[in-house]
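J.: The following block contains a protein sequence and its predicted model.
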Amino acid sequence: MDLLLWRHAEAQDGQDDLARPLTEHGHRQAKRIARWLERHAPEDLRRCCSPARRARETLEAWTQDYELLPEAAPGAAPLAVLAAIGWPELERPTLIVGHQPTLGGIAALVLAGQHSTWSIRRSALWWFKRRQRHGHVETVLRVVLDPELLD
């Protein structure tokens with residue numbers, strides 16, 4: 001099953017962490033990844049998003065069709081987010097738009113099976129595929145995209 005992690009794009013500084021909007025640069029970053037997703041996202045993709053404004057604005061560069069995932073709010077525990085979406089027994093491919101260090105922690109758990117503090121750049125997209133191969137379950141890192149490298 002596919003799991004996609006998309007870190008929110010660059011946001012403005014502010015006191016109310018949940019209300020911080022994207023910068024102009026952040027909107028451009030989000031649109032670059034959105035254009036790529038438009039062409040390559042798996043069919044029947046479940047789209048989950050942190051309730052923070054910057055995460056919602058990032059995902060809204062691509063779609064208005066998503067569900068808020070309170071468990072993915074800033075400071076969320078990686079295991080809590082994975083439990084909320086039902087990993088590894090996902091019913092359908094799932095995208096999470098969220099924050100650091102949570103997404104980096106999820107990436108480490110999914111790919112390496114251990115807790116770690118991996119870093120995911122702003123507006124970067126990581127795509128994992130969990131599959132059975134030769135009688136073993138494996139997780140493959142399919143794609144890592146940096147918006148600055150996309151046209």
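T.: All right, it came through fine. What you see is a predicted model, and the numbers here were worked out from it, not measured in a lab.

J.: Could I get the phi/psi values of residue 9?
T.: Main-chain dihedrals, residue 9, degrees, to the nearest 10: phi -80, psi 180.

J.: which intervals of the protein have sub-threshold pLDDT?
T.: In the predicted model, the chain carries no residue with pLDDT under 70.

J.: At which residues are the helices of this protein located?
T.: 24-40, 53-60, 78-85, 102-112 (DSSP state H).

J.: contacts for the first one?
T.: It stands for helix 24-40. The contact list for helix 24-40 (Cβ atoms under 8 Å, 6 or more residues apart in numbering) reads 6, 8-11, 22, 54, 57-59, 61-63, 122-125, 143, 145, 147-148, 150-151. For glycine as for every other residue, the C-beta is placed from the backbone atoms N, C-alpha and C.

J.: ok, 6 Å please
T.: 9-11, 58, 61-62, 123, 125, 147, 150 (Cβ atoms under 6 Å, 6 or more residues apart in numbering).

J.: Pick the most buried one from the helices of the chain.
T.: helix 53-60 (a mean of 23; mean count of other Cβ atoms under 10 Å).

J.: Relative to the whole chain's centre, how far out is it?
T.: Offset of helix 53-60 from its chain centre (Cα atoms, centre = their mean, to the nearest Å): 11 Å.

J.: Out of the contacts of helix 24-40, which end up buried?
T.: 9-11, 58, 61-62, 123, 125, 147 (16 or more other Cβ atoms under 10 Å).

J.: Okay, and which of these map to strands?
T.: Here DSSP state E is the test, and those give residue 125 as lying in strands.

J.: follow-up on the earlier one: among the helices of the chain, which is nearest residue 138?
T.: Residue 138 lies closest to helix 102-112 among the helices of the chain, at 10.0 Å (Cβ to Cβ).

J.: got the angle between that closest one and helix 78-85?
T.: In terms of direction (axes from the mean of the first three to the mean of the last three Cα atoms, to 10 degrees), helix 102-112 departs from helix 78-85 by 80 degrees.

J.: Helix 102-112: how far from the chain's middle?
T.: On Cα atoms, centre = their mean, the centre of helix 102-112 falls 11 Å from the chain's centre.

J.: can you list contacts of that helix?
T.: Under the criterion Cβ under 6 Å, 6+ apart, residues 5, 7, 76, 78, 116, 118-120, 126, 128, 139, 141 lie in contact with helix 102-112.
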